[in-house]
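A.B. asks: sequence unavailable; structure follows:
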């Protein structure tokens, strides 16, 4: 067995309520590592032959909760959530921070595979190898904070009763869904610790469709033994001392972005991306810091950055709202994108979406889309059931978010996410509404625009990503630079990318070696292992289904809005050059081994040893 | 002549804890040569998100745990003032847990003995990492004649206080 792995996975069928253990060969673990890579392999092996027909919200789909060999060792532990995405119909490796992955590994498991669908709401509770499905009727319908309180008390109570002599039990770690996940809203998240979420992909809806309210884990063992613990210790110190040198992420997290990305780089979504520049100094990070942050540093297991800040509204109309920073994405999508530039109101909306279990990015995007339709008088007050969806009206957006989470009235259409909602409303209104849908292949685009050319995503980053609008998985060249294939390493390792900024780029491979005992070079990852995972993700994305299919010729592109000129700010008039996009796309296709139509070639599949994927190509055909 | 080193105490500022748990990692690496949160002598409790704090021995002036031990497995270090556990003598009866006003000691998850902070022989690793990261939640101070026992409190009690401090009067609802 390879070092650094617990060596086993839980394999649970909720339809039959059976709990088994399963293992993967050393070869699979060497090639696919864990997290996103392993998720891709498991999905391909179990569902690949019928991918187009698998309903992401049906019992056949898998919900994967996976760690990687670096989880808990590389500073800043995360967990990867995956399955067939109800947003893109492909595979998304969606990671969230917290102690869950560490507890799971300390309990003796590298991950959990869930299939089927329970008749009644359940939650999974595990203490080391004691694993049980428990009745979740009491917490079904409860919001995020209520769920955490109820299940923490229940499970800590169980531990106390079962092990009375142990002493005081710490809280177990927990992943859970809010009402939005229960109601199978496609913009629902898998949450932890009130404010952390695996957002991209929409796996809250998958978890809810299985009637799995939560997974609660307590592991009392050590992390699986590393090959060279002395080296690991040295590497932890090296990463931390590099991170401590950096001021930006430690002091502000990404929370400085709400002002900076608008004002400096002019790449922030404002009023559904109609603008990307603002000079609202009242939305500066100093206001969040001085008025709202009750903790200057808030973080998760082993993290030297602790980029999260605990924001609490202590008085006024929105008193009682609690969330992390909010980070840049939330400041943008639940702030500027809705015309909101008041820190307290932004914290209130972020806190509400945490409670409902909604993704701030996807839901903030679809609410901005709806508000633009209202601005253009395409959606009327009647369509919105009396709601006047004016830019900056925080309470109106709060009401809309609730309607989305509970699928009430217009909320049931918007709960399908921006792309599907655009098609649906467009059909009713007999209008093409895709020009207002700022998304790529079913996934709303992260809050980093490309028109000014000043932010980090490149002009093909979203268009060619196998995770589509995901700003944490951006396509770019060279392959062994900072692009998507290298992102797959972090998501498969599974650790936090923010603890790799300012750290020499080979340290993560040294870490991999120290934990697993295996040699791995950057080139080997970029041109074989990582690239292999990318091909499988691409193939499943192109197979798509059952309700949507992507044609690269049409859909490997930026949203139409990104070709409109910026209307104001220092980069006024700048936009994306369509020819440059096409040229870069062709270069990218060639580099990753896709033909002119954007489909992986037989040549690259053979080279990577993916013979079983060749047959699937016959199921992908375009003119 | 070098000055005689005074015994130390670990001063703690609960409300500032980031929840990074580097203290648990450092402690378990020192004592167990592994990353092992549940075997750590300092444990970060997070009964409510945002209200993390390190829970560790306060070295009470009267050492009620030592008094309670039926097998004399617990003793006080002459050098550091820390409570030392004789693993061989300990019968894992748990009486020291009940005697501790903060229920701080807990059983080793794999071996049959209690674990209690031993101040790493005067150089606490948890303090070291907390200081390196400049969180300053844990700090080494000279042990004086202070009411240290006040800091030996149950996790639920500390959480309740922090809830009120950070989340206001309604904070208790999250417990």
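C.D. replies: Arrived safely, thanks for sending. Quantities reported herein were computed from a predicted structural model and do not represent experimental measurements. Numbers count the residues shown, from 1 in each chain, chains lettered A, B, ... in the order given.
A.B. asks: switch to C-alpha atoms for all contacts and neighbour counts from now on
C.D. replies: Will do.
A.B. asks: what is the burial count for residue 42?
C.D. replies: Using chain A here. Close neighbours of residue A:42, defined as other C-alpha atoms under 10 Å in any protein chain shown, add up to 19.
A.B. asks: right idea, wrong chain: chain B
C.D. replies: Per other C-alpha under 10 Å, the neighbour tally for residue B:42 reads 26.
A.B. asks: which strands and helices sit next to the longest helix belonging to chain A?
C.D. replies: Across chain A, the longest stretch assigned as helix under DSSP state H is helix A:144-162. Contacts defined by 3 or more C-alpha pairs under 8 Å, 6 or more residues apart in numbering or on different chains; DSSP states H and E place helix A:144-162 against strand A:173-176, helix A:343-356.
A.B. asks: can you check which of the ones you listed gets nearest to residue A:260?
C.D. replies: Closest to residue A:260 of the helices and strands packed on helix A:144-162 is helix A:343-356 (C-alpha to C-alpha; 14.4 Å).
A.B. asks: touching chain B at all, the closest one?
C.D. replies: No. Judged by C-alpha under 8 Å from any C-alpha of the partner chain, helix A:343-356 and chain B are separated, with a smallest distance of 12.7 Å.
A.B. asks: how far off centre is that helix?
C.D. replies: Distance of helix A:343-356 from its chain centroid, counting by C-alpha atoms, centre = their mean, to the nearest Å, is 18 Å.
A.B. asks: one step back: buried residues in the longest helix of chain A?
C.D. replies: Neighbour counts using 16 or more other C-alpha atoms under 10 Å in any protein chain shown place A:144-149, A:151-153, A:155-156, A:159 of helix A:144-162 among the buried residues.
A.B. asks: what are the contacting residues of the helix or strand hosting residue B:54?
C.D. replies: Using DSSP states H and E, residue B:54 falls within strand B:53-55. Residues from elsewhere that reach strand B:53-55, judged by C-alpha atoms under 8 Å, 6 or more residues apart in numbering or on different chains: B:14-15, B:17, B:19, B:42-46, B:104, B:155.
A.B. asks: give me the buried subset of those residues.
C.D. replies: Among these, the ones that count as buried by 16+ other C-alpha under 10 Å are B:14-15, B:17, B:19, B:42-46, B:104, B:155.
A.B. asks: and the buried residues of helix A:144-162, which two are the farthest apart?
C.D. replies: Within these, A:144 and A:159 form the most distant pair, 22.1 Å apart (C-alpha to C-alpha).
A.B. asks: what's the pLDDT at residue B:1?
C.D. replies: With respect to pLDDT, residue B:1 scores 53.
A.B. asks: quick revisit: inside strands: which ones of the contacts of strand B:53-55?
C.D. replies: Secondary structure defined by DSSP state E assigns B:43-45 of the contacts of strand B:53-55 to strands.
A.B. asks: which one of those is nearest chain A?
C.D. replies: Closest approach to chain A among the ones in strands among the contacts of strand B:53-55 (C-alpha to the nearest C-alpha): residue B:45, at 5.6 Å.
A.B. asks: correct me if wrong: that closest one contacts residue A:173.
C.D. replies: No. Residue B:45 is beyond contact range of residue A:173, at 11.1 Å (criterion: C-alpha atoms under 8 Å).
A.B. asks: reformat the buried ones among the contacts of strand B:53-55 as TSV; add distance to residue A:80 and pLDDT.
C.D. replies: Output for these, formatted as TSV (distance: C-alpha to C-alpha, whole Å; pLDDT from 0 to 100):
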residue	distance to residue A:80	pLDDT
B:14	30	97
B:15	30	96
B:17	26	98
B:19	21	98
B:42	28	98
B:43	25	98
B:44	23	98
B:45	24	98
B:46	22	98
B:104	33	98
B:155	30	98
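A.B. asks: for chain B, give me the ranges with low pLDDT.
C.D. replies: B:1-4 (pLDDT under 70).
A.B. asks: related to what we said a few turns ago, mean pLDDT, distance to residue B:171 and mean neighbour count added to the helices and strands packed on helix A:144-162, as CSV?
C.D. replies: Conversion of the helices and strands packed on helix A:144-162 to CSV gives the following (pLDDT from 0 to 100; distance: least, C-alpha to C-alpha, whole Å; neighbours: other C-alpha atoms under 10 Å in any protein chain shown):
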stretch, mean pLDDT, distance to residue B:171, mean neighbour count
strand A:173-176, 98, 20, 25
helix A:343-356, 98, 15, 26
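A.B. asks: could those go into CSV alongside distance to residue A:541?
C.D. replies: Conversion of the helices and strands packed on helix A:144-162 to CSV gives the following (distance: least, C-alpha to C-alpha, whole Å):
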stretch, distance to residue A:541
strand A:173-176, 26
helix A:343-356, 28
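A.B. asks: so which of those is nearest residue A:215?
C.D. replies: Closest to residue A:215 of the helices and strands packed on helix A:144-162 is strand A:173-176 (C-alpha to C-alpha; 5.3 Å).
A.B. asks: which residue ranges form the helices in the stretch 251-400 of chain A?
C.D. replies: Using DSSP state H, counting those that start in this stretch, the helices of the stretch 251-400 of chain A run over A:257-263, A:285-291, A:328-333, A:343-356, A:360-375, A:394-405.
A.B. asks: of the ones you listed, which stretch is the most buried?
C.D. replies: Highest mean neighbour count of these: helix A:328-333, a mean of 28 (counted as mean count of other C-alpha atoms under 10 Å in any protein chain shown).
A.B. asks: so which of the buried ones among the contacts of strand B:53-55 also contact chain A?
C.D. replies: Answer for those near chain A (C-alpha under 8 Å from any C-alpha): B:15, B:17, B:19, B:43-46, B:104, B:155.
A.B. asks: for chain B, what are the nearby residues on the stretch 151-300 of chain A?
C.D. replies: Residues of the stretch 151-300 of chain A lying near chain B (C-alpha under 8 Å from any C-alpha): A:152-153, A:165-168, A:170-171, A:193-194, A:219-223, A:225, A:229, A:244, A:294-300.
A.B. asks: name the residues of chain A found near chain B, please.
C.D. replies: Near chain B, when you scan chain A using C-alpha under 8 Å from any C-alpha, you find A:73, A:106, A:145-146, A:149, A:152-153, A:165-168, A:170-171, A:193-194, A:219-223, A:225, A:229, A:244, A:294-304, A:306, A:310, A:312, A:314, A:320.
A.B. asks: those residues in strands, which ones?
C.D. replies: Residues of the residues of chain A next to chain B located in strands (DSSP E): A:294-298, A:310, A:312.
A.B. asks: pull out the buried members of the residues you listed.
C.D. replies: The neighbour count (16+ other C-alpha under 10 Å) marks A:294-298, A:310, A:312 as buried among these.
A.B. asks: closest to residue A:410 out of the residues you listed?
C.D. replies: Nearest to residue A:410, judged by C-alpha to C-alpha, of these is residue A:312 at 30.8 Å.
A.B. asks: close enough to count as contact, that closest one and residue A:290?
C.D. replies: No. Counting by C-alpha under 8 Å, residue A:312 does not reach residue A:290; the two are 11.3 Å apart.
A.B. asks: for the helices and strands packed on helix A:144-162, which one sits closest to residue B:59?
C.D. replies: Of all the helices and strands packed on helix A:144-162, strand A:173-176 sits nearest to residue B:59, with 29.4 Å by C-alpha to C-alpha.
A.B. asks: all helices of chain B, in order?
C.D. replies: Secondary structure of chain B (DSSP H): helices at B:22-32, B:64-68, B:95-99, B:125-132, B:155-167.
A.B. asks: OK, contacts around residue A:141?
C.D. replies: By C-alpha under 8 Å, 6+ apart, the residues touching residue A:141 are A:178-179, A:182.
A.B. asks: which of the residues you listed lies closest to chain B?
C.D. replies: So of the contacts of residue A:141, ranked by how close each gets to chain B (C-alpha to the nearest C-alpha), first place is residue A:178, at 16.0 Å.
A.B. asks: skip the chain neighbours and tell me the closest residue to the closest one.
C.D. replies: Distances taken as C-alpha to C-alpha, 6 or more residues apart in numbering or on different chains put residue A:357 closest to residue A:178, at 4.1 Å, once the chain neighbours are dropped.
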